[in-house]
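Visitor: Provided below are the primary sequence and the corresponding predicted coordinates.
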Amino acid sequence: MTEKSYRLGDIAKALGAELKGDPEVQITGLATLSAAGPGQISFLANPAYGKYLADTRASAVILSPAAAQDSPTNVLLLDNPYLGYARLSHWFDPAPVPAPGVHASAVVDASARIAESASIGPNAVIEAEAEIAENVVIGAGSVIGARCRIGRDTVIRPRATLAHDVVVGQRCHILSGAVIGSDGFGFANEKGVWHRIAQLGRVVLGDDVEVGANTTIDRGALDDTVIGDGVKLDNLIQIAHNVHIGDHSAMAAMVGIAGSTRIGRHCVFGGASGVAGHLEIADQVHLTGMTLVTGDIREPGVYSSGTSADTNRQWRKNAVRFRQLDVLARRVKELEKKLEG
């Protein structure tokens, strides 16, 4: 792996940071405060890690102006150090950059349109009338269904699957194992027997969308399933048919969204949260981990329903109390009536 090296002054300029220290220092990597050595740059965004700052061996640290006085080394001052770290991380990303072109083992339909700067990996399949824009990367073994459209600068990691007619915006990032545009869970019942309903809609992803590994997004039954610009989906998420997710919302792993629910902009759902079908969720709603939503949420704010772990002994006691709540509430009402009388 070729070592990358950058002048600290150039990093400060690119990040828009105020540099206090030597601009000629060469930076060759990123590391945590406790692990960094000479030539590496670190960051301090979470105050919990401030205890490592005084002893860090990093050649420079990205931090807020309030923490600068405690640094023993060069500093880059930013109001949002974590964002600075995020941007700088790409400078040192060791991921291979695929060369443009179509690998000899790829299977590409003659009617597909692939930009010259795109890269199609080994054993990938590009079906009829698919459109692959400039600088797109299709990883090894991925399948791009018929009539899919992939926007420029999008990266699809190995073994992802896009069914037919999926639309992906620009600069998206789809990780391995993701399945986009598979059939939604739609069946009609007749005398106890289930009959499959054809799923006629599409999946439409906006620009700058991230889809995590093994996440599934079902195609619409009639209308489209729509994922807005800037949406970030972690690994192992299920998005059912006809769901709409507003711009710049983010969901952690194991979230499940049932069909036809509409979620607003800038929402954040904690891990293993669940949302029932046909609901409306307002903008800027934050669900803490394992929250279960069974009704509309019309106001922004933080919502919770999951309970945290306790000792088994205490949890069993609370479970018994929970089953007694309705009886206790009725007894309280009866007592209140007697007191009022």
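Guide: Alright, I've got the coordinates.

Visitor: every contact and neighbour count from this point should use C-alpha atoms.
Guide: OK.

Visitor: quickly list what residue 263 is bridged to.
Guide: Residue 263 forms beta bridges with residue 245, residue 281, as assigned by DSSP bridges.

Visitor: now it: how far from residue 326?
Guide: 33 Å (C-alpha to C-alpha, to the nearest Å).

Visitor: likewise for residue 4?
Guide: On the measure of C-alpha to C-alpha, residue 4 and residue 326 end up 65 Å apart.

Visitor: so residue 195 makes contact with residue 185?
Guide: No. Using C-alpha atoms under 8 Å, residue 195 is not in contact with residue 185, being 11.0 Å away.

Visitor: these two: which has the busier surroundings?
Guide: Applying other C-alpha atoms under 10 Å to residue 195 and residue 185 shows that residue 185 carries more neighbours, namely 17 against 11.

Visitor: the stretch 1-150 of the chain: helices as residue ranges?
Guide: Using DSSP state H, counting those that start in this stretch, the helices of the stretch 1-150 of the chain run over 8-15, 81-89.

Visitor: residue 114 bridge partners, please.
Guide: Those that pair with residue 114 in a beta bridge, by DSSP bridges, are residue 132.

Visitor: and it, what's its pLDDT?
Guide: What the model reports for residue 114 is a pLDDT of 98.

Visitor: these two touch, right, it and residue 132?
Guide: Yes. With contacts counted by C-alpha under 8 Å, residue 114 reaches residue 132, the gap being 4.7 Å.

Visitor: between the two, which is the more surrounded one?
Guide: Remark: of residue 114 and residue 132, residue 132 carries more neighbours, 28 against 22, as counted by other C-alpha under 10 Å.

Visitor: how close does the more buried one sit to residue 177?
Guide: From residue 132 to residue 177 the distance is 20 Å (C-alpha to C-alpha).

Visitor: what's around the nearest residue to residue 29 once chain neighbours are set aside, how many residues?
Guide: Nearest in space to residue 29, with sequence neighbours left out and distances taken as C-alpha to C-alpha, 6 or more residues apart in numbering, is residue 40 at 4.7 Å. Look at residue 40: counted by other C-alpha under 10 Å, it has 22 neighbours.

Visitor: what of residue 92?
Guide: Counted with other C-alpha under 10 Å, residues neighbouring residue 92 total 14.

Visitor: quick one, what contacts it?
Guide: 4, 29-30 (C-alpha atoms under 8 Å, 6 or more residues apart in numbering).

Visitor: from those, pick the one nearest residue 80.
Guide: residue 30 (17.0 Å; C-alpha to C-alpha).

Visitor: so what's that closest one scoring on pLDDT?
Guide: For residue 30, the model assigns a pLDDT of 96.

Visitor: chain neighbours aside, what residue packs nearest to residue 80?
Guide: That would be residue 64: by C-alpha to C-alpha, 6+ apart, it lies 6.8 Å from residue 80.

Visitor: what's the lowest-mean-pLDDT helix or strand in the chain packed up against?
Guide: Lowest by mean pLDDT, DSSP states H and E among the helices and strands of the chain is helix 312-340, with a mean of 93. The criterion is 3 or more C-alpha pairs under 8 Å, 6 or more residues apart in numbering; DSSP states H and E, and there are no helices or strands that helix 312-340 contacts.

Visitor: please give the centre-to-centre distance between it and its chain.
Guide: 41 Å (C-alpha atoms, centre = their mean, to the nearest Å).

Visitor: rebuild the helices of the stretch 1-150 of the chain as TSV, extending it with distance to residue 244.
Guide: Shown next, in TSV, are these (distance: least, C-alpha to C-alpha, whole Å):
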stretch	distance to residue 244
helix 8-15	34
helix 81-89	28
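
Visitor: what's the closest of those helices to residue 48?
Guide: Taking C-alpha to C-alpha, helix 81-89 is the member of these nearest to residue 48, at 13.7 Å.

Visitor: tell me the buried residues in the closest one?
Guide: 81-82, 84-85, 88 (16 or more other C-alpha atoms under 10 Å).

Visitor: what stretches of the stretch 51-200 of the chain score poorly on pLDDT?
Guide: Counting by pLDDT under 70, not a single residue of the stretch 51-200 of the chain qualifies.

Visitor: list the contacts of the helix or strand where residue 189 lies.
Guide: Applying DSSP states H and E as the criterion places residue 189 in strand 187-190. Strand 187-190 is contacted by residues 194-197 when judged by C-alpha under 8 Å, 6+ apart.

Visitor: I figured residue 256 hits residue 236, correct?
Guide: No. With contact defined as C-alpha under 8 Å, residue 256 does not reach residue 236; the gap is 9.0 Å.

Visitor: tell me, how many residues neighbour residue 300?
Guide: If we define neighbours as other C-alpha under 10 Å, then residue 300 has 15 of them.

Visitor: how much space separates it from residue 285?
Guide: From residue 300 to residue 285 the distance is 5 Å (C-alpha to C-alpha).

Visitor: again, but for residue 126
Guide: Distance, residue 126 to residue 285, by C-alpha to C-alpha: 38 Å.

Visitor: which one of the two has more residues nearby?
Guide: Neighbour count, other C-alpha under 10 Å: between residue 126 and residue 285, residue 126 has more, with 28 against 22.

Visitor: quick one: contacts for the more buried one?
Guide: Counted by C-alpha under 8 Å, 6+ apart, residue 126 has contacts 106-109, 112, 143-146.
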